[in-house]
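K.L.:
The following block contains a protein sequence and its predicted model.
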Amino acid sequence: QVQLVESGGGLVQAGGSLRLSCAASGLTFSAYAMGWFRQAPGKEREFVAAINWSGSITSYTDSVKGRFTISRDNAKNTVYLQMNSLKPEDTAVYYCAANRNRYSKVTPTAGEYNYWGQGTQVTVSS
């Protein structure tokens, strides 16, 4: 059974940093692209960042470029999201997800991910 467990969320002041982690089990982690998505109250879930199976290719939504960094450690079956220079508009529940296909390209499309974590709350105060 595939499980994705996020951690590292919390309350931080604007300009601060957080690092989210997502520990995966039940799948050959090193074969799958991973993504981070977020959902703010009253809004649809949106793509944040993705990384391919080897970690050599990453993709970001425009609003986080230069502030967030996605990375992975295949030996630890974990994907990370380092978030710097946080803004109140980054407040959301953050979800990690695993792509449905092995060795796929990075994609911002939520429908291409078929395993999801339970989410971790990130709140940025102004």
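P.N.:
Perfect, thanks for sending it.

K.L.:
now the strands: where do they sit in the chain?
P.N.:
Secondary structure of the chain (DSSP state E): strands at 3-7, 10-13, 18-25, 32-39, 46-51, 58-60, 68-73, 78-83, 92-102, 113-116, 120-125.

K.L.:
ok, and for stretch 73-89, which residues are buried?
P.N.:
74, 77-81, 83, 86 (16 or more other C-beta atoms under 10 Å). C-betas here are computed from N, CA, C, even on glycine.

K.L.:
quick one: it to chain centroid distance?
P.N.:
7 Å (C-alpha atoms, centre = their mean, to the nearest Å).

K.L.:
Stretch 95-105 now?
P.N.:
With C-alpha atoms, centre = their mean, you get 11 Å for stretch 95-105.

K.L.:
in it, what's buried?
P.N.:
95-99, 104.

K.L.:
now, the most widely separated pair of those residues?
P.N.:
Of all pairs drawn from the buried residues of stretch 95-105, the widest gap by C-beta to C-beta lies between Tyr95 and Ser104 and measures 18.0 Å.

K.L.:
Show me which of the buried residues of stretch 73-89 is closest to Met34.
P.N.:
Once C-beta to C-beta is applied, the member of these that ends up nearest Met34 is Val79, at 4.3 Å.

K.L.:
Lovely, talk soon.
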